[in-house]
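[1] need coordinates for the below:
(one chain, ligands or ions: 1)
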Amino acid sequence: MATDDDDFWGDDDDLIEAGDAMERQASLRGGNFVVAELKRQDTPTEAVLACLKRYFGHSNFRPQQWEIVRRVVADRGDQLVVMSTGYGKSVCYQMPALLMDKLTVVISPLISLMEDQVKNLASVNVRAVLLGSAQTDNEGARQAVMRGECRLLYVTPEFIDNGGQSFLKEVELGPGIALVAIDEAHCVSQWGHDFRPSYRKLGNLRKQLPSIPFMGLTATATPQVRTDIVSSLGLRDAKITCTGLDRPNLYLRVCKKTTSGQDLRPLLVNGDSGPHFGGPTIIYCPTRDKVEEINGDCRRMGVACTMYHAGLSAAARKKAHIDFSTDKMTTIVATVAFGMGIDKPDVRRVIHYGAAKDIEAYYQEIGRAGRDCLPSTAVLFWESRDLIIQRSMLNKDMNQAYLSHAMNMQRKMEEYLVTNECRRKFILTHFGDRLSGDTVKSNCCDNCDQNAASSTAGGQEAEKSVVDCGAEAAQLFQVISRVFNSRCGLTKPIAFLRGSNSKQLQSWQTNNPLFGAGKAKSERWWKALAQLLRIRGYLDESKFGDFATVVSLPSKAEAWIRSGESQLLLPSTTELTEATKEKTVATAAGGSDTPQRLLPERKTRTWQDTTQMRLTSESSNKSGDEKLMVELLKQLTDLRNNLAAETDIAPYMVASNKALVELSRVRPSSMQTLDQIDDLPVERAKRFGDSFVQLCRNFCEQHSLSTNNSSAAALSGSVQLPTEIQSLVDQLPSTTAQTYYLCVINKLDVKSASGQRSLSESTLMNHLASAAKIGLPLDLAQLGITREMIDQVLSTVRSPPISSDISRLKPIMEVLPEGWCCYPRLRIMLSIIEYEHESVDSSDQLDSGPGKSSFQSCPISSNNTPLVRQRTNSDGGGGKRKLPEWMAAASPTNSRDSPAQAKRSRSSIFK
Ligand SMILES: Nc1ncnc2c1ncn2[C@@H]1O[C@H](COP(=O)(O)OP(=O)(O)OP(=O)(O)O)[C@@H](O)[C@H]1O
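    Below is the predicted model of the structure:
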């Protein structure tokens, strides 16, 4: 075993004062000492934590990480680790190598990912090599491994298959092996979404190296796949660790496809160097042609973007990868060939332009977003044709059991697309995981937002629940099997049920009593029903020839028919709900009631803006500081990118975005203070820290800013708010509160805040609308809103055709003068109006309508004359509570109740 690796156990660098912990480390030289100590420890020792900080930059382990590392180092046992994407699997298999001062072998299918990891480890002075058939310096790498110079050896499963096994045997007998880690372990299982035959053979390696612990790692394994991995790899007495698979920072959204311009343009935000999708973005397309097309479209929209697919030369693919990972291009349009090879932590959006192959692949692909834990979005645009193409791509020669498994996975994907329940819960349930709590959440998915909006609008619970489609399903089944003998697609049976006069329906068919039996329902409704039946396994659709599809009844449908049941209860889909609603709206136009949310008659209190009250005594200074911090962050980012370019590594390998934000807050003036910076490994600080410190020092001198702030104080950056305001801010979801602090308390304009938070400007405007709705003051002037504009919206809402119905924004927008306002501003004004009329609900979201439009494009109207003066009732309608101090200065009306009381009285406003 090598003893000359002083990188870890050697003397400290004079630049870094690592203190006691490091000194103790030096005395623990030699892996066995550590192991003996760890055997007695349930918690990591200081030396272990110092190692974590030194090479990874983290001050502590995330839950389960330490137990996993300890099982390798102290117990020497096998294990399977199922951990959500971006949780921190690398720490689990890299730490044992560093703690034991011995080689860890990592088997991974992805060369580009391994190349990134090798570079990343080099940036913290850990020697790692990659052995694969395409690597040029295989011999040099082998020798370095045999000399015991390497801590990590990355190999492909094919390498193991082609002689790698005997090489590893030699290594075991020579310098020794701490661990064999098998990344993407789901590839072992045919029940997983990415089966690879070479992975299946890794069980042989387990037999060859009986005394080395093996660790399988994956982010996507159902309970069935987990069992299969353990038995296929021959893991012994394997401990299975499964962290929750939830990715709470990922917002999920699904949309129907229209045109790429219409779909993608609204997602763009304007940055300093042109439009982008809110940060680094991957756009996945199902085919190479589509990649080329969407890449062209994005470029025409001015987006700095590149593309990646298997049809490009290796050099072009490599360049695309580098340009994206070094932030030269904000966007990469790719097939899933680009999928797992990307290790960039700050991808803010993953867009699928076309449905994914199946639900497990989808979870894996969206996992590339937000690995730095900052808010990120996964949006999918789809159309029915995508699903037909995916179905046709299934390999029909597969063993029958796997084929039907693959078809089920596809059906799950389709179900995900059309479900109107929480999408996060849907995915987690698939993996046998659970979401805590059953209720609608904020910042979760489009369905949760939609359901929250409809429930606060007095909406129907039934919309998202179960429907009984027994009668119609029975009709459709009969027509498919009896009238058309299961030799047709869906068009004919639906036309038949709707009593179409199409010539394609022969007269003997049209004499059937079921002809026209379903004409009360629209074609869209019947198609939505057929889709629901298909994804629930009551209808089969298969390809016939090149273009046609044929529907038939699977055994599940036949069993239901035989059971004689009249009910068929199934969870509804978005499409079926909307098709049902269309009908309801049409009926409502003919006279019956539609659910409305009506603005109460009386104005009972006055909302105030920030000019009418002082929020804090410090706010003006703070706001100045906040602006300087943004400027410093920008300079630090530029410096980081330049250092990355000079050293030919990805920017995150110099410093992560998280570390840069910390640097701009703490503003270290010496290398010692760099210790406080989270996510900055000590080894990396040694290499690049001096440049960052110098920049911070000069910047602070120039702008008289404080340096060496303690990390905790810098983070809280707290200002003393009046209790009345603080208690309202406390009611906001944390992401909304953050926006409020930035834009209102620290007076940062929405554009800059959007850049700082990596959220779109309209999302931030929505946050401000939520704040206004519970009575929090905003800076109206900064938002381009005047009191007169609010009055005009109120009078428009009061007049026909709106007649006080505030359940939807779109109709209101349509009657306002064209170009007078944009959706985000309208939403804020309506929130203020609602507050003043006590239609209070902090979680309420008005319909999102076409609210994606950027509010920047909306000019402030010069014609703000109200059409009708609002009716006010300055006596107020309720209690006589004394106004809080911060409100008393300018309020002409009585504030009635606390928000909580107002909320209690809310029910009275819904008719
Ligand atoms: N203990 C920790 N404390 C703070 N951050 C951590 C910790 N462990 C890992 N991270 C961070 O989590 C992010 C993801 O880590 P890593 O690349 O190991 O994830 P992963 O589980 O391998 O993800 P994927 O499945 O997507 O490859 C990195 O930005 C890393 O710095």
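[2] going forward, measure contacts and count neighbours with C-alpha atoms only.
    OK.
[3] how about the closest residue to the ligand within the stretch 251-400 of the chain, what does it touch?
    Proximity of the stretch 251-400 of the chain to the ligand (C-alpha to the nearest ligand atom) peaks at Asp372, 4.6 Å away. Residues in contact with Asp372, defined by C-alpha atoms under 8 Å, 6 or more residues apart in numbering, are Gly86, Pro345, Asp346, Lys658.
[4] Gly370 versus the last one, what's the distance?
    Summarising the geometry, the distance separating Lys658 from Gly370, computed by C-alpha to C-alpha, to the nearest Å, is 12 Å.
[5] before we move on, back to that, using the three-state scheme, assign the residue of the stretch 251-400 of the chain closest to the ligand.
    coil (DSSP: H, G, I helix; E, B strand; the rest coil).
[6] how close does it get to Leu131?
    Applying C-alpha to C-alpha to Asp372 and Leu131 gives a distance of 29 Å.
[7] next one: Glu631
    From Glu631 to Leu131 the distance is 44 Å (C-alpha to C-alpha).
[8] who's more crowded, those two?
    Shown here are Glu631 and Leu131; by other C-alpha atoms under 10 Å, Leu131 has more neighbours (21 against 14).
[9] tell me the SS of Tyr251?
    Secondary structure, three-state DSSP: Tyr251 is strand.
[10] correction: Thr736
    Quick answer, by three-state DSSP: Thr736 is helix.
[11] which residue is nearest the centroid of this structure?
    Leu250 (2.0 Å; C-alpha atoms, centre = their mean).
[12] now it: how far from the ligand?
    Leu250 is 13 Å from the ligand, where distance means C-alpha to the nearest ligand atom, to the nearest Å.
[13] same question for Lys492.
    46 Å.
[14] about what we covered before: report the beta-bridge partner residues of the residue nearest to the centre of the chain.
    Beta-bridge partners recorded for Leu250 (DSSP bridges): Ser376.
[15] contacting residues for it?
    Counting by C-alpha under 8 Å, 6+ apart, Leu250 makes contact with Ala369, Gly370, Pro375, Ser376, Thr377, Ala378, Cys444.
[16] from these, which one has the minimum pLDDT?
    For the contacts of Leu250, the weakest pLDDT value sits at Pro375, with 85.
[17] next, give phi and psi for the nearest residue to it once chain neighbours are set aside.
    Nearest residue to Pro375, sequence neighbours excluded (C-alpha to C-alpha, 6 or more residues apart in numbering): Asn249, at 4.7 Å. Dihedral angles of Asn249 (phi, psi; degrees, to the nearest 10) stand at phi -80, psi 0.
[18] is the strand or helix carrying Lys318 in proximity to the ligand?
    Using DSSP states H and E, Lys318 falls within helix 314-325. No - counting by C-alpha under 6 Å from any ligand atom, the ligand is not contacted by helix 314-325; separation bottoms out at 14.0 Å.
[19] where do the helices of the stretch 301-450 of the chain begin and end?
    Remark: helices assigned in the stretch 301-450 of the chain by DSSP state H, counting those that start in this stretch are 314-325, 359-366, 384-392, 400-418, 423-430, 446-456.
[20] any chance of the ones you listed in CSV, plus mean neighbour count and mean pLDDT?
    Shown next, in CSV, are those (neighbours: other C-alpha atoms under 10 Å; pLDDT from 0 to 100):
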stretch, mean neighbour count, mean pLDDT
helix 314-325, 18, 86
helix 359-366, 22, 90
helix 384-392, 16, 79
helix 400-418, 19, 84
helix 423-430, 19, 90
helix 446-456, 21, 73
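[21] mind putting the contacts of Leu250 in CSV, neighbour count and distance to Ser123 included?
    Converted to CSV, the contacts of Leu250 look like this (neighbours: other C-alpha atoms under 10 Å; distance: C-alpha to C-alpha, whole Å):
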residue, neighbour count, distance to Ser123
Ala369, 30, 23
Gly370, 26, 22
Pro375, 22, 27
Ser376, 26, 27
Thr377, 24, 29
Ala378, 26, 30
Cys444, 21, 36
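[22] pretty sure Gln475 contacts Leu514?
    Yes - using C-alpha atoms under 8 Å, Gln475 is in contact with Leu514, at 7.4 Å.
[23] overlap in contacts, these two.
    Shared contacts of Gln475 and Leu514, counting by C-alpha under 8 Å, 6+ apart, come down to Leu497.
[24] any idea how many residues pack against the residue nearest to Pro375?
    Count around Asn249 with other C-alpha under 10 Å applied: 17.
[25] wait, doesn't it sit right on Leu374?
    Yes - counting by C-alpha under 8 Å, Asn249 does reach Leu374; the two are 6.1 Å apart.
[26] ok, the closest residue to Cys743 other than its chain neighbours - how many residues close by?
    Spatial nearest neighbour of Cys743, excluding adjacent residues (C-alpha to C-alpha, 6+ apart): Asp749 at 5.9 Å. For Asp749, the neighbour count with other C-alpha under 10 Å is 16.
[27] and the pLDDT for Asp749?
    Predicted confidence (pLDDT) for Asp749: 78.
[28] correct me, but it touches Leu780?
    No - counting by C-alpha under 8 Å, Asp749 does not reach Leu780; the two are 11.4 Å apart.
[29] for this structure, what lies in contact range of the ligand?
    Checking the chain against the ligand by C-alpha under 6 Å from any ligand atom, the hits are 58, 60-62, 85-91, 219, 345, 367-368, 371-372.
[30] what secondary structure does Phe474 sit in?
    You called it Phe, but residue 474 is Ala. Following three-state DSSP, the label given to Ala474 is helix.
[31] now do the contacts for it.
    Ile561.
[32] separation between it and the ligand?
    From Ala474 over to the ligand (counting by C-alpha to the nearest ligand atom), the distance is 45 Å.
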